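Undergrad: Just need the structure, nothing else, for what follows:
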Amino acid sequence: MSKGLGISPVEIAELARVALTTHRAEVSRIVAIALRCLKKAMPGLRVIVSYADPEQGHLGVIYQAGGWVYTGRSASDVAYYDRTGKRWHSRSVSETGWKTRLGKQTRAPRISDMKRTVKLESKYRYLMPLDEEMKCRIETRRKPYPKRAGSIASDATAIHAEEGGATPTPALQKVMSDGK
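TA: Just a heads-up that it's a prediction; the model follows:
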């Protein structure tokens, strides 16, 4: 990714996981605050990349809400299943049975020992530029945000599932008819 943007690997970071179960603020706001802190702590950082996994039902709505730039899909990948049925990501297996992790050689399952291989759906890729020059570079790559297929209600959040618009929603119609 860094080569395609014309920057060094130390100028890009990946937001690998957003896992919040209980929170008072919107997740997109929490991520924005974290990015401001990261930018301040790491002034040489120029862009953050993150991926939304459609196999997990993710579309990247927190990135869309945060104004991240959607640049398309990642390259496709594969998963492997061993004889017990356990799923292994392609980065966790090797031809030789060894992987280098955090600078150390560790054992890894051999690809040849895997029972089957499954092609994975590519992920949605989002970029957040951290400076003006990077913003200009990334903006040329912007594509329309992906949307969920289906009815108008499937594209709205649960609290906005009603259509609304020129015709007031049922709750608003009740308030208006009561004269309040």
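Undergrad: low-confidence ranges in the protein?
TA: Low-confidence segments of the chain (pLDDT under 70): 150-180.
Undergrad: Quick one: the helices in it, in order.
TA: For the chain, applying DSSP state H gives helices covering 2-5, 27-41, 61-65, 132-139, 170-177.
Undergrad: which stretches of the chain form strands?
TA: If you assign secondary structure with DSSP state E, the strands in the chain sit at 12-15, 47-52, 69-73, 77-81, 87-89, 98-101, 104-107, 116-120, 124-129.
Undergrad: nearest to G60, of the ones you listed?
TA: Evaluated with C-beta to C-beta, these place strand 47-52 nearest to G60, the distance being 3.4 Å. Any C-beta I mention is one placed from the backbone N, CA and C, and that applies to glycine too.
Undergrad: helices and strands around that closest one, which ones?
TA: When contacts are defined as 3 or more C-beta pairs under 8 Å, 6 or more residues apart in numbering; DSSP states H and E, strand 47-52 packs onto strand 12-15, strand 124-129.
Undergrad: so what are the domain limits for the chain?
TA: Following automatic domain parsing, one finds the domains of the chain at 1-73+122-147, 77-120, 152-180.
Undergrad: how about a markdown table for those, with mean neighbour count added?
TA: Formatted as a markdown table, those follow (neighbours: other C-beta atoms under 10 Å):
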| stretch | mean neighbour count |
| --- | --- |
| domain 1-73+122-147 | 15 |
| domain 77-120 | 12 |
| domain 152-180 | 10 |
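Undergrad: Is it correct that I48 is in contact with V18?
TA: No. At 11.8 Å, I48 does not count as touching V18 under the criterion of C-beta atoms under 8 Å.
Undergrad: Tell me which of the helices and strands packed on strand 47-52 lies nearest to G66.
TA: Taking the helices and strands packed on strand 47-52 one by one with C-beta to C-beta, strand 124-129 is closest: 7.3 Å.
Undergrad: and the closest one, which strands flank it?
TA: Using DSSP bridges, strand 124-129 pairs in its sheet with strand 47-52 (antiparallel), strand 69-73 (antiparallel).
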